[in-house]
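*Asks:* kindly return the folded structure for what I paste below:
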Amino acid sequence: MEHSVSAQFYFHHKLLLRNQYLSFLLIISIFQFCFSAHASDTKQAFINANIIDVRTGELTKNAVIYVDRGKIAAIEQNSAAEDLSRGYVIIDVKGGFVVPGLWDSHIHLGDSVEESRENALRLLAKGITQTRDMGRSVKSLKSYKQAEQQGKLSGLPHVINAGPLIDGSMNTWYGDLQYVIEDEGTVANKLASIKRSGADFIKVYQDLSEPVYQKILIEADKLELDVHGHVPSRVGIEALVSGSQKTIEHLDISAFQTCSPNGRELYGKALNAKFGEGYSAYYQVMIAFWQSIDWQSCGQALRKFAERGGALNPSLIMETFDHKLVGEKVLKEMHNEDWLGKSWCMQQLAGVERADKRLRQQYLAEIKKALSKIKGYGVIILAGSDSPNYCNIAGDSLLWELHRLNEFGLTNLEVLQSATINPAKVFKMPESTEIRVGSAANFIVLNENPLATVKAYSALRGTYFDSRWRQAFGDKITRNSIKSGI
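*Replies:* Residues are numbered from 1 along each chain as shown. Here you go, the predicted model:
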């Protein structure tokens, strides 16, 4: 029963990866219309800007940011600014709040270059200029890298790619997305092959044996590749944190089952309840699970994980989705009423609506407590949507995740850091969050202050990325174009 239910879930997951969005043959031109890009202007002065330091939350008010050929040439106060007639195009951001371009730290852009491009456009439309793709086949990765080298993806968000996920057993619903490694003697060759294909890091998955997992860490280190991913159930949290894996994906029972003495048993019950008995039964199992965790032992391990810079991508919207968060937007975006993915999504949302409201609230409270504990141990928190899983949409879902992180206890500054400085640190790309003289210009302008409200991320004024300023026009690119059937 456990495997058949799990198979059903991952089968839908794969369908969502391949089929979530309609063709964007014409939407690219709409994107260019809705994002007015000054591609030919090499020197721009952004006046009346309020710059937020994402490390401290300090605000530099009424500033001018001078950008020259994609780099920040100077930052001055409006009152002290030099004569703007020296060849700069003036862009008045009218008191907008400037922060680095956002990260979505967990996404699946799609198997084909076309689908990846479509989803990347959606990200950029929401101010997301960097992302971490958490799984594509070797064939897909090679095609993506070739398109990148040919300039077909220029101007789109920067992507770091995992390539195939590495697991210990074959799951047919994943097809060629998996690399199965059962023998530690084959690890070196398989990892070298993944690197040659263009992977930027290695993603480990659920069913690896501990000897194979340990060998992966050794060989990845030789190849200068970091290891990210799930917590293999045969390895567990304590063994994982003693190694070099950089991230734990998802705040759920699959990741933390070894922190509970009854974790393995409850994991099987949770799968059967969620995809069989219904969400009320699932919430009951999950409440029992979170309450059974040995936080003294697990907390000790997580402190060690934090000490070496370990990060958790909780993907809260995966575990807490409902109509209030995603329903109406998703249903508008899903264009084909007969499409299986939309039907499945609607079934899941309906199941959540039917569930006992008291149990759901208790379940959400347990997740909130768990996140608070993990954050308290010093583990870095990353914002990632896991789009297109669970009715998620590239771009919008990252903004929903930021809302959830705030609702579940992160301060407004911590929410901002989860999508900027934290991923930049974990993924070794600190320059992606630098708004300083000499750094590459990569920033967004928000009409509201994100340190005052998380609603600010939905009030995008524009994005400067890849030497272009793109002025945003709300949701028109995704909502009206799809609604009109383009």
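*Asks:* show me the shaky parts of the chain.
*Replies:* Residues of the chain that meet the criterion pLDDT under 70 lie in 1-41, 79-85, 326-341, 473-486.
*Asks:* buried stuff in the longest helix along it?
*Replies:* Secondary structure of the chain read by DSSP state H shows that its longest helix is helix 357-376. Neighbour counts using 16 or more other Cβ atoms under 10 Å place 359-360, 362-364, 366-371, 374-375 of helix 357-376 among the buried residues. C-beta coordinates here come from the backbone N, C-alpha and C atoms, glycine included.
*Asks:* next: stretch 213-227.
*Replies:* 213, 214, 215, 216, 217, 219, 220, 225, 226, 227.
*Asks:* for those, which one is nearest residue 181?
*Replies:* Nearest to residue 181, judged by Cβ to Cβ, of the buried residues of stretch 213-227 is residue 216 at 7.6 Å.
*Asks:* what's near enough to touch that closest one?
*Replies:* Residues near residue 216 by Cβ atoms under 8 Å, 6 or more residues apart in numbering: 166, 181, 187, 191, 202, 204, 208, 227.
*Asks:* packing partners of whatever helix or strand the first one lives in?
*Replies:* According to DSSP states H and E, residue 166 maps onto strand 165-167. Packed against strand 165-167, as judged by 3 or more Cβ pairs under 8 Å, 6 or more residues apart in numbering; DSSP states H and E, are the following elements: strand 178-180, strand 201-204.
*Asks:* tell me which strands that strand pairs with, and in which orientation.
*Replies:* strand 178-180 (parallel), strand 201-204 (parallel) (DSSP bridges).
*Asks:* can I get those in a markdown table with mean neighbour count and distance to residue 91?
*Replies:* Putting the strands paired with strand 165-167 into a markdown table (neighbours: other Cβ atoms under 10 Å; distance: least, Cβ to Cβ, whole Å) gives the following:
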| stretch | mean neighbour count | distance to residue 91 |
| --- | --- | --- |
| strand 178-180 | 20 | 47 |
| strand 201-204 | 25 | 36 |
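*Asks:* closest to residue 324 out of these?
*Replies:* So among these, strand 201-204 is nearest, using Cβ to Cβ, at 31.4 Å.
*Asks:* give me the contacts around the closest one.
*Replies:* Under the contact criterion Cβ under 8 Å, 6+ apart, strand 201-204 has outside partners 134-135, 160-167, 191, 194, 213, 216, 220, 225-230, 232, 245-246.
*Asks:* which of those residues fall in helices?
*Replies:* Per DSSP H, the subset of the contacts of strand 201-204 in helices is 191, 194, 213, 216, 220.
*Asks:* quick one: the closest residue to the third one other than its chain neighbours and residue 190, what's the gap?
*Replies:* Once flanking residues are discounted, residue 213 sits nearest to residue 235: 5.0 Å by Cβ to Cβ, 6 or more residues apart in numbering. Per Cβ to Cβ, to the nearest Å, residue 235 is found 18 Å from residue 190.
*Asks:* more crowded one of these two?
*Replies:* residue 235 (25 against 18; other Cβ atoms under 10 Å).
*Asks:* isn't the more buried one up against residue 206?
*Replies:* No. Assessed by Cβ atoms under 8 Å, residue 235 is found out of contact with residue 206, at 9.9 Å.
*Asks:* end-to-end on stretch 300-316?
*Replies:* Chord length of stretch 300-316, first to last residue, is 23 Å (Cα to Cα, to the nearest Å).
*Asks:* who touches that stretch?
*Replies:* Contacts for stretch 300-316 (Cβ under 8 Å, 6+ apart): 105-106, 237-238, 240-242, 244-251, 367, 371, 374, 377-386, 401, 404-405, 408, 422, 425-426.
*Asks:* strands - which of those residues land there?
*Replies:* 105, 106, 247, 248, 249, 380, 381 (DSSP state E).
*Asks:* beta-bridge partners for the third one, please?
*Replies:* Right, residue 247. residue 311.
*Asks:* buried stuff in stretch 446-458?
*Replies:* 446, 447, 448, 449, 450, 451, 454, 456, 457, 458.
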